[in-house]
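K.L.:
Okay, predicted coordinates and the sequence, questions at the end:
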Amino acid sequence: MIVIPTGPVSPAHKRDIGLKSAKGEIIAFLDDDAWPEKGWLKNAIRHFENNDVAAVAGPAKTPPDDGSRQKASGEIYSSILVSGKYAYRYVPKEGREVDDYPSCNFIVRKAIIQQVGGFNTDFWPGEDTKLCLDITKRLGKKIIYDPLVLVYHHRRPVFIPHLKQIASYALHRGYFVKKYPETSLRPAYFLPSIFVLGLVLGAPVSLCIPMFKLAYLSGIFIYLFLALIFSFSNGLGLIGLIFFGIIFTHVTYGVFFLKGLFTKRLPEESY
């Protein structure tokens, strides 16, 4: 194993430095708090028999020995109520073709990543969005998601560390709606902000219009009921952490997505 000191540079720049020193034809990226399941590379390599496949990715599952607050964070991320159709990023789901995927579990042809100039950005998070966009839209190549290409990824514990990560994701996604609309201008990313705006604006309206008050309160009740139902996914011990975590995650994402959406320029080196 070769360790290459990089100094205080962004994760994307670290990966570009590693790319220049790599000798193989396939480059595998992991985060420093993630590790692969047995057969990780073997399950990925088979997809490269298809020349149209530029990269392979898989789920980043919460380790079973993580603490309760980390497990709660993992349950929140993998909840359909939070991640919707993107829950496959956190738990194994059926295989598919994707066009945007986190680089914590990403395996790509060296020739392809060299062709697009590497990550070539200091955005963090979001460096992977740019790379995937270059691969799928610029080169017209495929990225395959395989549930057997599995890694374990430690979560940031709820509440503050988890929410700080959510805020960073949301801020960049909101900004990317303008910068990279091909993969960021999607209705699902707007839903938390719509929820926040409805929550804030609906309160004064319900006070002025009595008929609206019932609908407003009913909507809140239904939302809280759904959040509670989806909090039972990992037994009784984590219900409270997951329940409040889902609510705080939606509110945090909604607020910071709007902030990113209305930010004129987001400094790339924000890590």
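P.N.:
Perfect, I can see it now.

K.L.:
Quick one: mean pLDDT for stretch 102-109?
P.N.:
Regarding stretch 102-109, the rounded mean pLDDT is 95.

K.L.:
Contacts for it, please.
P.N.:
For stretch 102-109, the external contacting residues (CB atoms under 8 Å, 6 or more residues apart in numbering) are 11, 15, 25-31, 34, 36, 41, 44, 48, 54-60, 89, 125, 127-128, 131, 135, 149-151, 153. In this view, the C-beta of every residue, glycine as well, is placed from N, C-alpha and C.

K.L.:
any chance you could map the helices in the stretch 101-250 of the chain?
P.N.:
Secondary structure of the stretch 101-250 of the chain (DSSP state H, counting those that start in this stretch): helices located at 110-115, 127-133, 160-179, 181-184, 187-208, 210-229, 239-261.

K.L.:
Return the distance of the shortest one from the chain's centre.
P.N.:
It stands for helix 181-184. Mean C-alpha position of helix 181-184 versus that of the full chain (CA atoms, centre = their mean, to the nearest Å) differs by 14 Å.

K.L.:
Please enumerate residues in contact with it?
P.N.:
99-100, 129, 132-133, 136-137, 173, 176-177.

K.L.:
ok so, going back, would you list the buried entries among the contacts of stretch 102-109?
P.N.:
Buried members of the contacts of stretch 102-109, scored by 16 or more other CB atoms under 10 Å, are 11, 15, 26-31, 34, 36, 44, 48, 54-60, 89, 125, 127-128, 131, 135, 149-151, 153.

K.L.:
Dead centre of this structure: give me the residue that sits there.
P.N.:
Central residue of the chain (CA atoms, centre = their mean): Pro102, 6.1 Å from the mean position.

K.L.:
could you list every residue that touches the residue nearest to Phe212 when sequence neighbours are not counted?
P.N.:
Residue nearest to Phe212 in three dimensions, not counting chain neighbours: Ser206, with 5.1 Å by CB to CB, 6 or more residues apart in numbering. For Ser206, the contact set (CB under 8 Å, 6+ apart) comprises 212-213, 216-217.

K.L.:
any idea of the pLDDT on Ser206?
P.N.:
Looking at Ser206, its pLDDT is 89.
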